[in-house]
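Visitor: Got a predicted structure here, sequence first:
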Amino acid sequence: MTLTHWQPFRQIEHWEPFSEMETLRKELDKLFAQFTPGPSDAQASFSFMPSAEMDETDTEIHLKFEVPGMTADDLNIEVTDTAVTVKGERKSESKTEEDNITRSEFHYGKFERVIPLSSHIVKDAVSAEYNNGILRLVLPKSDVAASKTVKIKAT
């Protein structure tokens, strides 16, 4: 008769209490990776997101967008009753050098920035000015809600 070492808890797996948390973290990382473009999928999605700044007074909302390297004609600005949308595309400059390596940290591609509004706007009185890479919007407030969308031309 052979002697075997008795291990009564061998059938029970080693439980890691934080492994479920690690699985949840990995799933959240995957979710956020879908919405933030990386170098591999920069061509397929938005690869440039302009910075925005908002200031609000009693009568107006002031928005500033940082969109350097573009012209006013490159920008598409729409104002709805609930948000301001700025769309555009920063086109890349193609440059080739034979012996030197070119490295670029500039972001090129399409972008869309939507800023939700806290109050109703007089859409026909919105003004837009583009100067030195900064788009400035002045949005007069209104007490009345309107449902139409207005396209704004930057000057």
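Guide: In hand now; what should we look at?

Visitor: what kind of secondary structure is T85 in?
Guide: Following DSSP: H, G, I helix; E, B strand; the rest coil, T85 is assigned to strand.

Visitor: Now do the contacts for the nearest residue to it once chain neighbours are set aside.
Guide: In space, and not counting its chain neighbours, T85 is closest to E78: 4.6 Å by C-beta to C-beta, 6 or more residues apart in numbering. (Each C-beta comes from the backbone N, C-alpha and C, glycine too.) E78 makes contacts with V84, T85, K87, T149, V150, K151, I152, as judged by C-beta atoms under 8 Å, 6 or more residues apart in numbering.

Visitor: Any regions of this structure where pLDDT drops low?
Guide: 1, 8-15, 35-47, 92-99, 102-105, 146-147 (pLDDT under 70).

Visitor: Nearest the middle, which residue of it would you pick?
Guide: Ranked by distance to the mean C-alpha position of the chain (C-alpha atoms, centre = their mean), the top residue is M49 at 4.9 Å.

Visitor: Show the contacting residues for that one.
Guide: Counting by C-beta under 8 Å, 6+ apart, M49 touches F111, R113.

Visitor: Quickly note the distance from it to A128.
Guide: Distance, M49 to A128, using C-beta to C-beta, to the nearest Å: 19 Å.

Visitor: what about the helices in the protein?
Guide: According to DSSP state H, the chain carries its helices in the segments 19-35.

Visitor: got the residue ranges for the strands in it?
Guide: With DSSP state E as the criterion, the chain has strands at 51-56, 60-66, 75-79, 83-90, 109-116, 120-121, 127-131, 134-142, 150-152.

Visitor: wait, which of these is closest to L31?
Guide: strand 109-116 (19.7 Å; C-beta to C-beta).

Visitor: Name the strands paired with the closest one and say parallel or antiparallel.
Guide: Using DSSP bridges, strand 109-116 pairs in its sheet with strand 83-90 (antiparallel).

Visitor: And the partner strand, what's buried?
Guide: Buried residues in strand 83-90, defined by neighbour count with 16 or more other C-beta atoms under 10 Å: V84, V86, G88, E89, R90.
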